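Novice: Provided below are the primary sequence and the corresponding predicted coordinates.
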Amino acid sequence: MTIRIKAGEVRSAWDLGAKEARTDLGNTSTDLTDAQGTSMGDLADDLTYAVERLRGVTTTTNRVVDSFKTNVEACITTYETTDQASAGAFTTLMRPQP
């Protein structure tokens, strides 16, 4: 079976999804800032710690989005520079095997 990929549409779909993800993550960051400013008495230190941990998760998630974008682009570029019909695997999108 031959699968044809419309590279421009893949790029557009990825960019749209990544933009939506970044918007959601950006909103999370705003929510965290608001939460950190909330007076919680004895819980303030714990809340500050939790907020910093969540910021770390948000940062890591953004980096994963960036990395995956690089991998998607590498696969599309490879596809575009071949006959666009050959069977093959997009190895940069696959989990490394032990």
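Specialist: Looks like it arrived, so ask away.

Novice: which parts of the helix or strand harbouring Ser67 are buried?
Specialist: Assigned by DSSP states H and E, Ser67 belongs to helix 44-80. If you call a residue buried by 16 or more other C-beta atoms under 10 Å, then helix 44-80 has these buried ones: 47, 51, 54, 58, 62, 65, 72, 75-76, 79. To be clear about C-beta, it is placed using only N, CA and C from the backbone, and glycine gets the same treatment.

Novice: and that helix, what does it pack onto?
Specialist: With contacts taken as 3 or more C-beta pairs under 8 Å, 6 or more residues apart in numbering; DSSP states H and E, helix 44-80 sits against helix 7-36.

Novice: for the helix it packs on, packing partners?
Specialist: In terms of contacts (3+ C-beta pairs under 8 Å, 6+ apart), helix 7-36 is packed against helix 44-80.

Novice: avg pLDDT for the helix it packs on?
Specialist: Across helix 44-80, pLDDT averages out at 83.

Novice: any idea how far it is from the chain center?
Specialist: 5 Å (C-alpha atoms, centre = their mean, to the nearest Å).

Novice: taking helix 7-36 as reference, get the angle to that helix.
Specialist: Taking axes from the mean of the first three to the mean of the last three C-alpha atoms, to 10 degrees, one finds that helix 44-80 is oriented at 170 degrees with respect to helix 7-36.

Novice: which secondary structure element contains Asp83?
Specialist: Assigned by DSSP H and E, Asp83 falls within no helix or strand.

Novice: what about it, how many neighbours?
Specialist: Other residues near Asp83 number 6, with proximity taken as other C-beta atoms under 10 Å.

Novice: next up, phi/psi of it, please.
Specialist: Main-chain torsions, Asp83, degrees, to the nearest 10: phi -80, psi 0.

Novice: separation between the spatially most central residue of the chain and Lys6?
Specialist: Central residue of the chain (C-alpha atoms, centre = their mean): Val65, 2.1 Å from the mean position. Shown here: Val65 relative to Lys6, a distance of 22 Å by C-beta to C-beta, to the nearest Å.
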